[in-house]
Each structure stands twice: as C-alpha cells, then as structure tokens.
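[1] Sequence plus predicted model, see below.
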Amino acid sequence: MTELDKSGAAAEVLTGGDTRGAGPRRPRARPGARGRGVPLPLLVPALVGLAFLLLPLIALLVRAPWRTLPDQLTSPEVWQALQLSLICATAATAVSLVLGVPLAWLLARTEFPGRGFVRALVTLPLVLPPVVGGVALLLALGRNGVVGQLLDSWFGITLPFTTAGVVVAESFVAMPFLVISVEGTLRAADPRFEEAATTLGASRFTAFRRVTLPLIMPGIAAGAVLAWARALGEFGATITFAGNFPGRTQTMPLAVYLALQNDPAAALALSLVLLAVSIAVLAGLRDRWMTAS
Amino acid sequence: MTHIDHVSGGLPADDIRADGLDAHLVVDRGTFCLDVALRAAPGDVVALLGPNGAGKTTALRALAGLTPLTDGHLCLDGATLDRMAPESRPVGVVFQDYLLFPHLSALDNVAFGPRCHGVSKAEAREQAAKWLDRMGLADHHGAKPRRLSGGQAQRVAVARALATHPRLLLLDEPLAALDARTRLDVRAQLRRHLADFEAVAVLVTHDPLDAMVLADRLVVIEHGRVVQEGAPADIARHPRTDYIAQLVGLNLYKGQADGHVVRVDSGPDVATSEELSGPAFVAFPPSAVTLYRDRPTGASARNLWRCQVAGLETHGDQIRADLTGELALAADLTTVAAAELNLHPGAPVWATVKATQTHAYPA
C-alpha cells in the first residue's frame, strides 16, 4: 500500500508536482489529464477501429450523387419503396407495442415456472440470423406452414409474399428490442406504485393502465424507436418470407440491394435516406444513451 | 374503547364483533413468522410499535391484502376480508414514502380512489378538491408531487387514503420521512385528522413518542409476536419486557401551555424549556426523574411533586418505579439507589425533573 502511494506520488512529481498542493481544492483542473499516458498498443487499434466505423459512412457522403439526388429521390420507384418501408416499419412497431408491452409486463411482474427460459426465447430473434427467422416464419405461417395452413383453409389468409407478410417479418425481428427495453424499465420502476393504486380500489389492469404505463412511457418510447429503426432496416427475414415485389414487399433495404446491381446511383441515394433516418433515430435517443459517460 | 362483547354479556369472548376490526394475522415466511391478534372498535387508533424487522409492516400489508395470510382471519365491520382482493377491501393506506403517483397532480392523486370506485371524473375531482382544502392544501391542487414539501406530500397521501372512505385506515411510519421541525406540525395535524376519523385506524411506527401521541392503544410487537398491549400510559408504567421499558419509557401528559409552563389536565404544572401556548403535550423519560425520601432543600429543579410508590419492577440492573400522587409518573433508578431510598410500595417520595429534560410540543 505504501509502496503504491510512494510511486503514485513520484508520478505526480514527475508530471507536475506543483499542482498537487492546490489539488484538493481545484476540481480536476489538470488539462490533458485524460490524454496523458495513453499506451500506444491501445491508442493505435482504437483509432483504426474508429476509422473503420466512420470511413464507410464518409465514403457514402463523398460519393453521393448530390446533383442528381433530388431527381433520384423523387423517382416513383424510390418513393414507393420509401413509402412502403415507413408504413411497414410503423405497422411492425405498432404490432410490437400491442404484443410486446404486455409480454414485457408478464416477464417483469409475474412469477411462473420457466420464466428465465421464456425470456431467453424472447431474446432469441436478437441473435438469430434474420434469414433463419424468415425461413422459420415460412414454416410457421407459409401457405403449407404449421399455422399458415389453417389460416389459409379457415380464413383464406395468406401472409407470405404480401405487404402483411413484410409487417410480420419485421415484427418478428423488431419486437425483442422493444420487449427488452420495456422490461428493463419495468424492473427499474417501483412496483409499490401499483400496490398503492390497488389499495385505492384499482384492479391490476387499471393500475397498469393509469399508473405503470405513464411511469414507464420513456422506456416504451425508446423501445419503440429502437424497434422502428430495426424494422426499417430489416432485410433477411423480409426477403425470405415476403419476397421482393416492388410496391408490395420491396422495402428500402431490398430496393438498395437490387438497385446496386443495375443502378448504383439510385442505391447510393436510397442509402443516404436510410443513413439520415438512422442519425435522426440516434438524435432522438441521445438523452437515453449518449449521456452514459 | 368500548368492548361490545363485554357489554352484551353471555357471548363468548372471541365472538366476532359487529363493528370494528377483529383480526388474527398469521404470515409464515419460513425464516420469519408473524402471529398477531388485533382488535379495535370504530374510532380507535391503534399503534403497532416495535423494532425494525419485528413484523409491523408485514402486519400492515396483511391487513391491506398486499401480503396473503397463511392462517388466521380478518374481519372488518362483521365482513370477512381474508380472501378479498386488496382493491375490493374498504381499506386506505398511507405508505411510508407516500407513493404519490409522480405523473398526476395532487388533485388527481386524491381523485384516483373515487375514480376507481366508479365516481365520474368531475365528481371525483370535486371530492378531491374538498379533501385537499380540508388538509390546508387549497393552493396546491395542481402541483405535481415532486413540487410538494414533505409535510404537504404527507397530507396529500392522507387525503388520498381518506378519499375512498375506508373503514380501516393504515398508516406505515407516517412521520418517518419528515425532518424534525415539520414532524411536530404534521404530527399535531395528523392527530386531529385521526381524532375526526370515525372508523378504525392502525398505524405502524418505531417511534414511541409518535405512537403515544397519535394512538389510544399500543400494541408492541417483537419477533412477530405481540409482547404487550394497552393504553400508552399503562405500558410506560408497567413495561413487560426490557425492550419495552427502554422503548416506551416516556411520561407523557396533555395540558394547556402558557409560556414555559404546561398545565397538565387535572394535574400540576410542569415547567419546560420550550415556550408554547395553547393545547400541548409535555413528555420526559423516566430516567430524568430523581427521587427523594425527604423534601429536597434548595433543589434547583422547578418540577417537584409529592408522590407515592405504587409498584416497582426490575429490568436488568434498572428498577422502574410506578408513582401515583400529584402526578402519575414512571421513574427509573438503579437497584442501589432503590435500596438506599428504601423504596417499597406505599412509600412516600418526592419526585423532581429538570425543566431542561422535558419536551413540550403543540397538541
């Protein structure tokens, strides 16, 4: 302990011992305290990593066809894909909210056997390759799928390769984000507010609706934005389950991929739009995430 | 406290009363077991007093239905509540940290209960406004809980609990969250509201002074069991365990204050260090009392009373003397001092208390 103290003091002396006397009163006014002594083996990979993450985005901005951009973005194909993307992502977010918030409540507020296992299953789509999700959806809800068969013969409903199918695929991938976010907020919220509501005559559902829901609204909003962003960018599950039909199931990411093969300029324009949306989402969530440090 | 089962005669003692609370609460949690019987008539204020972890809050939660009973029964005004869902019970709760809904204004917090009981929104808000006005919060209808002071939040919480017209009002450490200064005012106000309350009130506290001021009956709980119950003064004078002797060792009197003197109702004057006027309480611990066999000469204490020893009880190396006479009081002294004074029941003594060791506060 004393050895450490001594070496610490020695380091202080070497780097500017005269600040030490005023140290306790001055709250960390040492300039460059953070930058001082960052070891090269950490600094170099860190900078390379940063460049690696930023370079593609910068390239996108550099090579963007800024002059023809207005024409590209107003072309009916782009407009169609953008419209479809926004509608489907919003619908998928709505589905996630209606089903996901109650699911999060169940996971956070009730005790039942195998709850940990159920939570693991809920989060599985987070790590599952989206293409696998699409295949699984086909097996479940496809025309010959386990449930899809019944939907087809009883109600005449077919989901694959329809706009509704896009919503289903996006919901499957996006809902876990919402559930995880809302469940976390619910766990952090004081359950005794629900008890207080109960003693005032509120049923458990009324307590949820009038007390818990308003209290966890920030978490729900963050989860919804996250789910919406995930749905907007969804590619694998969508193309597998819903196909790639312009105007019906061709969302922005699908359009970008297709355009890249025959019209790279259009692909660039579409990518820029998605980048702008992503930055907007990040800006919307900055209070929640960017203040972590 | 009227015991109907005694008056009506011929009925077995454990017969369920028509009115008030009759509960036997058993909550078994494996490592901890609560087994407490509680009875109270309408208008009674019962205080559950005990150390932390004694099971007071568990008892309160069981009464509210937030913790299920393992065994026992719970009857209120003749109706059985054992299996009734908490939202259906005619029970109001004031939680320790109030748990006011942070997203609702004070008015909407109070209106929440009536709304849940099927009252229209306009009517519920009207009722809530009346409650807040009664609590002296007419200017704070629209305030969100975080804008309220501790004392104001406490009053909103009481109003919210009372707005559903409960037949049983439960208060969990109602004054614990307040600072010492607000505490005196809020306690006096709460005492008035409890006095006006026509149904049963049960409050949980670890502070004997709060219990003695607010309640007309104390139930002392240790390790999940009732160790003693009765009127505050009786318990203070005849503590059954060392813990109670220590905890409830308090002489408490009600009277009229005038400057540095409190005129105790049908008793002598008590000089205090605080300056007050109007209805007041005055309290001092038994350890502050000094006893003499002969009238002390030149004693600096302004409080000097002629008393008689009614009883002596040993607690550890302390003896608690129960005194009657000019002022009924409890005094603590060492076994050595008791022997030197040759104290025995019936012995005349002079009791003195320094004014600086008494505390007076508004009733």
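    Everything's here; your move. Quick caveat: nothing in here was measured; it's all calculated off a predicted structure.
[2] For the rest of this, base every contact and every neighbour count on C-alpha atoms.
    Fine.
[3] chain center to stretch A:108-124, what's the gap?
    21 Å (Cα atoms, centre = their mean, to the nearest Å).
[4] What count of nearby residues applies to whichever residue of chain B sits closest to chain A?
    Closest residue of chain B to chain A, Cα to the nearest Cα: B:Glu87 (4.0 Å). Using other Cα atoms under 10 Å in any protein chain shown, B:Glu87 is surrounded by 24 other residues.
[5] confidence score at it?
    pLDDT, B:Glu87: 91.
[6] cool, and A:Ala64?
    83.
[7] Next, count neighbours for it.
    What A:Ala64 shows, counting by other Cα under 10 Å, is a neighbour count of 18.
[8] now the residue of chain B closest to chain A, nearest residue through space, not along the chain?
    In space, and not counting its chain neighbours, B:Glu87 is closest to A:Gly201: 4.0 Å by Cα to Cα, 6 or more residues apart in numbering or on different chains.
[9] helix, strand or coil for the one you found?
    coil (DSSP: H, G, I helix; E, B strand; the rest coil).
[10] so who does it touch?
    Residues in contact with A:Gly201 (Cα atoms under 8 Å, 6 or more residues apart in numbering or on different chains) are B:Pro86, B:Glu87, B:Ser88, B:Arg89, B:Gly113, B:Cys116, B:His117.
[11] Can you report phi and psi for the closest residue to the first one other than its chain neighbours?
    Among residues not flanking B:Pro86 along the chain, B:Gly65 sits closest, at 4.7 Å (Cα to Cα, 6+ apart). Main-chain torsions, B:Gly65, degrees, to the nearest 10: phi 90, psi 10.
[12] contacting residues around the residue positioned nearest the centre of chain A?
    Centroid-nearest residue in chain A, with Cα atoms, centre = their mean: A:Leu226, separated by 3.5 Å. By Cα under 8 Å, 6+ apart, A:Leu226 lies in contact with A:Ala174, A:Phe177, A:Leu178, A:Val281.
[13] Can you name the next helix or strand after the helix or strand that it is a member of?
    Per DSSP states H and E: A:Leu226 is located in helix A:217-233. Per DSSP H and E, the first helix or strand lying C-terminal to helix A:217-233 is helix A:236-242.
[14] Quick one: work out the angle between the helix or strand following that next one and helix A:217-233.
    Using DSSP H and E, the helix or strand that follows helix A:236-242 in sequence is helix A:252-262. For helix A:252-262 against helix A:217-233, the angle by axes from the mean of the first three to the mean of the last three Cα atoms, to 10 degrees is 30 degrees.
[15] close enough to count as contact, B:Ala201 and B:Arg39?
    No. B:Ala201 lies out of contact with B:Arg39 (Cα atoms under 8 Å); the separation is 11.0 Å.
[16] A:Gly145 - nearest residue in space that isn't next to it in sequence?
    Per Cα to Cα, 6+ apart, closest to A:Gly145 is A:Leu139, 4.5 Å.
[17] The helix or strand harbouring the one you found - contacts with which helices or strands?
    Assigned by DSSP H and E, A:Leu139 belongs to helix A:130-141. Packed against helix A:130-141 by the contact rule (3 or more Cα pairs under 8 Å, 6 or more residues apart in numbering or on different chains; DSSP states H and E) you find helix A:148-150, helix A:163-188, helix A:236-242.
[18] so what's A:Gly243 scoring on pLDDT?
    With respect to pLDDT, A:Gly243 has a value of 89.
[19] cool, B:Gly298 as well?
    On the pLDDT scale, B:Gly298 gets 67.
[20] quick one, longest helix in chain A?
    As assigned by DSSP state H, the longest helix anywhere in chain A is helix A:76-109.
[21] pLDDT (mean, whole number) over that helix?
    Here the average pLDDT along helix A:76-109 is 92.
[22] which bits of chain A sit near chain B?
    Residues of chain A that fall close to chain B, judged by Cα under 8 Å from any Cα of the partner chain: A:192-193, A:195-203, A:211, A:214-215.
[23] ok, 7 Å please
    A:Phe193, A:Ala196, A:Thr198, A:Thr199, A:Leu200, A:Gly201, A:Ala202, A:Ser203, A:Val211, A:Leu215 (Cα under 7 Å from any Cα of the partner chain).
[24] contacting residues around the first one?
    When the contact criterion is Cα atoms under 7 Å, 6 or more residues apart in numbering or on different chains, the partners of A:Phe193 are B:Leu99, B:Phe101.
[25] would you say it is within a helix?
    Yes. Counting by three-state DSSP, A:Phe193 is part of a helix.
[26] In chain B, where is pLDDT below threshold?
    Low-confidence segments of chain B, defined by pLDDT under 70: B:1-18, B:298-301.
[27] can you map out the helices along it?
    Using DSSP H, helices in chain B cover B:4-8, B:56-64, B:106-116, B:121-134, B:150-162, B:180-196, B:208-214, B:232-237, B:242-247, B:335-340.
[28] any chance of the ones you listed in JSON lines, plus mean neighbour count?
    Formatted as JSON lines, the helices of chain B follow (neighbours: other Cα atoms under 10 Å in any protein chain shown):
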{"stretch": "helix B:4-8", "mean neighbour count": "12"}
{"stretch": "helix B:56-64", "mean neighbour count": "24"}
{"stretch": "helix B:106-116", "mean neighbour count": "26"}
{"stretch": "helix B:121-134", "mean neighbour count": "18"}
{"stretch": "helix B:150-162", "mean neighbour count": "25"}
{"stretch": "helix B:180-196", "mean neighbour count": "16"}
{"stretch": "helix B:208-214", "mean neighbour count": "22"}
{"stretch": "helix B:232-237", "mean neighbour count": "22"}
{"stretch": "helix B:242-247", "mean neighbour count": "18"}
{"stretch": "helix B:335-340", "mean neighbour count": "14"}
